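Colleague: Starting from these lines, generate the structure:
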Amino acid sequence: MKQALYIDCCVRGAASRTRRLADAFFAALGRDWQVTRLDLTQEELRPLCGAYFEERESLLREGRTDHPRFDRAHRLAEAELVVVAAPFWDMSFPALLKLYIENVSVEGITFRSTAEGLKGLCRAERCVFLTSRGGAYPDGDPMEQAVPYLRAIQRFFGIGGLDVIAADGLDLDGADVNAITAAACERAAALARAL
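Modeller: As a prediction, the model looks like this:
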């Protein structure tokens, strides 16, 4: 059975518009995928600073990458598909997702430093980013920083590619929220069926 990691950063829970896209994606994903859901709102994620950072550095110096502190990084590295669901917030995504990424960026697990530069160690051939945005952000819009950041992280971790499904323009005057969301859910489901 293939392993998928679902990184759920839908901070509004059941009321999340992004969660609807994720639900559509996973409802259409084939039965040959085993999905592990990581609800970031339920994780004890902390920034890397102070004693928490020093403990991490000490473990890494000792080569103790099997410590439970690195379980999230191992789970990410071993997944064959990574799905991130996070709404558009403050030109990017909620801080919880950045904290998660900071905590799973671990030398020797998700990446390695080599003589030629950094080499990603993750197995996944693709990452799927599902998001909902109040405004409309065409590709390359400098006001949208979530996709460029995730594209860089995907390359850094060695993940093959990034697919983006966005429900755009949900808060614009006159927007048909149900139609926009339904169309994005169908695109998410079509992508899942293709995997």
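
Colleague: Let me see the contact set for the closest residue to Arg17 other than its chain neighbours.
Modeller: Among residues not flanking Arg17 along the chain, Ser132 sits closest, at 4.0 Å (C-beta to C-beta, 6 or more residues apart in numbering). (C-beta placed from N, C-alpha, C; glycine too.) Neighbour list for Ser132: 16-18, 20-21, 87-88, 166-167, 170, 181, 184 [criterion: C-beta atoms under 8 Å, 6 or more residues apart in numbering].

Colleague: which strand residues sit across from Ser132 in the sheet?
Modeller: Counting by DSSP bridges, Ser132 forms beta bridges with Ala167.

Colleague: so of the contacts of Ser132, which ones are in strands?
Modeller: Those of those mapping onto strands are 166-167, per DSSP state E.

Colleague: Now intersect the contacts of Ser132 with the helices, please.
Modeller: When the contacts of Ser132 are checked against helices (DSSP state H), the matches are 17-18, 20-21, 181, 184.

Colleague: Which of the contacts of Ser132 sits closest to Trp33?
Modeller: Leu21 (17.0 Å; C-beta to C-beta).

Colleague: which residue sits farthest out from the middle of the protein?
Modeller: In the chain, the residue that sits farthest from the middle, by C-alpha atoms, centre = their mean, is Gly174; the gap is 30.4 Å.

Colleague: what's the distance between that one and Ile180?
Modeller: Between Gly174 and Ile180 the computed distance is 11 Å (C-beta to C-beta, to the nearest Å).

Colleague: what do you get for Ser92?
Modeller: Counting by C-beta to C-beta, the separation of Ser92 from Ile180 is 21 Å.

Colleague: who touches the residue positioned nearest the centre of the chain in this structure?
Modeller: By C-alpha atoms, centre = their mean, the chain has its centre lying nearest to Val84, at 3.0 Å. Listed by C-beta under 8 Å, 6+ apart, the contact partners of Val84 are 7, 9, 97, 127-130, 150.
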